[in-house]
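What follows is a predicted protein model with its sequence.
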Amino acid sequence: MSKTYDVCIRGAGIVGRTLALHLAARRLRVALIGQAAGSNSNNNPAHSDVRAYALSPASRALIEAVRCWPTEQHATPVLRMQIQEEAGGRVHFDAAEQGVGALNWIVDVPELERLLSEAVRFQPLIEVLEPQHRPTATLTVVCEGRYSATRNEFGVEFDATPYQQSALAARVTCVCAHAQVARQWFSNSEIVALLPMDGSGGHACAVVWSASPERVQALQAMDADAFCAELQTASQCELGEIALTSERKDWVLQAALARQWCGSTATGSWVLVGDAAHNVHPLAGQGLNLGLADVAELTHILGERAYWRSVSDRRLLRQYERARKADYALIGGAGDALQLLFQNQHPVLQSLRNWGMRGFEQSGRLKQWVAAQAMGRQHSTTHHP
C-alpha cells in the first residue's frame with residue numbers, strides 16, 4: 001500500500017527545502033521531490049555555481065529557525081549599499097543609520113543548499129523522492145521555479161513579460177577589499193552590481209550584469225581579460241584591477257505572475273510558491289526574499305490552522321494567495337518602475353532621474369522607510385516561525 005503524505009513539495013531548491021523543514025517541524029509528513037534534493041554542492045569544482053543572493057533580515061530569521069544559516073564566510077553582512085547613475089546621481093543606504101547590524105547578507109548559494117540538504121537528510125518526517133514519483137498527498141506545493149512543469153500540468157496560466165534584457169552572473173576577485181559594500185551602477189541602459197563575498201575582509205565579489213541580450217552575448221563571448229576590462233570600466237575602477245574566477249552564466253529576464261496560485265484536483269489541493277508563482281527583476285535583489293516570504297506565510301497559515309481544518313482547505317490557501325499577491329504587487333511593481341526608469345536614456349529623463357536621486361538621498365524618513373521595506377522589516381503579511 002502506497003504511503004500517504006500531508007504535503008508533497010515538488011521542487012527541492014532553497015525555497016522547497018526551507019518549506020519542507022518548517023512544515024516537518026510542525027509535525028507534518030512531507031514528500032520532497034526534485035533532482036536537486038540529493039545533490040551535494042561541495043562535490044562541484046569551486047565557483048561552478050556562480051549564484052549569490054542578497055537575503056534580508058526576514059529571510060535570515062526564517063533560515064536560522066531551521067539552523068541552516070551559513071557562517072560569515074558564506075553569508076557576508078552588507079554594511080552599506082551604494083547606487084550610482086552615470087549622470088552623477090548617487091544614493092546610499094547605511095546599516096548604522098538604520099540602527100541594524102547589516103542591511104542584508106550576500107549568501108553563497110552552494111553552501112546554503114548544502115546546509116539545507118543536510119538538515120533535510122536528518123529530518124525523519126521528510127522523505128526525499130525522485131522526480132518520477134507521484135506520491136499521494138493532501139496538499140501539493142509547487143516550488144519548481146519559473147519553468148515549472150507541474151504548474152503547466154495544473155493548467156495555470158503564467159503571464160510573462162520580457163524585459164528585453166538578459167542578466168550575466170560571475171565571480172571575481174578585486175585588488176581592493178570590498179569593505180562590505182554592495183555597489184550598483186546604472187549606465188547606458190545597463191545595471192552592474194558588485195556584491196561582497198567571502199566575509200568582512202574579503203576581496204571576492206559576485207557580479208550581476210543586466211543588459212540587452214546582444215550585449216550579454218558579447219560579454220559572454222569575450223575572453224577573461226577583455227571581460228574584466230569591461231567590468232572595471234563599468235564599475236569606474238572603484239575596486240581596482242579585477243580577475244575572473246568562475247564561469248559566466250546568463251539568463252533572460254522577465255516579470256511574471258501566475259493568474260491562479262491555488263486550486264484543487266481530484267486527489268487534493270495545490271498551491272504555488274516562489275518563482276513558480278512570480279518572477280521579478282534582479283536589480284532590487286528581492287526574488288528569493290519573495291519566495292522565502294511565501295514560505296513564511298504558508299507555514300504560518302498551515303501551522304496555525306484550526307485542528308479540524310485540513311492542510312488542503314481552500315479557504316486557507318486563498319488566504320495565503322491574497323496575502324502574498326499583495327506583497328508581490330508592492331515589490332514587483334517597484335522593481336518594474338525602477339527598471340523602466342533606468343532603461344530609458346532620453347536626456348530629459350536622465351536629468352530628472354539624477355535630480356530625483358539627489359532628492360531621495362536627502363529625503364530622511366522616506367529613505368528610511370524604503371530601506372525598512374527592502375530589509376523586510378515592515379511586510380505586515382509575512383510571519384516568522
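Right, received. Where do you want to start?

Does E72 touch G201 like I think?
No - with contact defined as Cβ atoms under 8 Å, E72 does not count as touching G201 (10.1 Å). Heads up, the C-betas are built off the backbone N, CA and C, glycines and all.

Give me the buried positions along the host helix or strand of R171.
Using DSSP states H and E, R171 falls within strand 158-174. Neighbour-count burial for strand 158-174 flags 158, 163, 165-174 (criterion: 16 or more other Cβ atoms under 10 Å).

List just the nearest of those to A323.
F158 (20.1 Å; Cβ to Cβ).

doesn't A255 make contact with the closest one?
No - contact criterion Cβ under 8 Å: F158 and A255 do not qualify, at 11.3 Å.

Look up how far S148 lies from the closest residue to E321 other than its chain neighbours.
Using Cβ to Cβ, 6 or more residues apart in numbering and skipping residues adjacent in sequence, the residue nearest E321 is W261, 4.1 Å away. Separation of W261 from S148 (Cβ to Cβ, to the nearest Å): 12 Å.

Same question for H92.
In this view, H92 and S148 are 38 Å apart by Cβ to Cβ.

With neighbour numbers in mind, choose between those two.
S148 (22 against 14; other Cβ atoms under 10 Å).

which of the residues in stretch 110-117 are buried?
Within stretch 110-117, the residues scored as buried using 16+ other Cβ under 10 Å are 110-117.

whoops, stretch 262-272 was the one
So for stretch 262-272, counting by 16+ other Cβ under 10 Å, buried means 262-263, 268-272.

so how far is it from its chain's centroid?
25 Å (Cα atoms, centre = their mean, to the nearest Å).

Regarding that stretch, how distant is the last residue from the first?
Stretch 262-272 stretches 6 Å from its first residue to its last (Cα to Cα, to the nearest Å).

Need the contact partners of that stretch.
136-142, 148, 150-151, 154, 156, 258, 261, 298, 312-314, 317-318, 320-321 (Cβ atoms under 8 Å, 6 or more residues apart in numbering).

Just give the closest residue to L112, not the sequence neighbours.
P70 (5.8 Å).

can you pull out the strands in the stretch 151-300 of the chain?
Applying DSSP state E, counting those that start in this stretch to the stretch 151-300 of the chain gives strands spanning 158-174, 181-187, 190-197, 204-211, 242-244, 249-258, 262-264, 269-272, 278-279.

wait, which of the ones you listed is closest to L302?
Across the strands of the stretch 151-300 of the chain, closest to L302 is strand 269-272 (Cβ to Cβ), at 9.7 Å.

So what are the sheet partners of the closest one and their directions?
If you go by DSSP bridges, strand 269-272 pairs up with strand 136-142 (parallel), strand 262-264 (antiparallel).

CA atoms of the first one as CSV?
Output in CSV follows, covering the C-alpha atoms of strand 136-142 (Å, rounded to 0.1, in the frame of the first residue of the first chain):
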residue,chain,number,x,y,z
THR,A,136,-0.5,10.6,-2.6
ALA,A,137,-0.6,13.9,-0.6
THR,A,138,-3.4,16.0,0.8
LEU,A,139,-1.6,19.2,-0.5
THR,A,140,0.9,19.6,-3.3
VAL,A,141,3.2,22.7,-3.1
VAL,A,142,4.8,23.6,-6.4
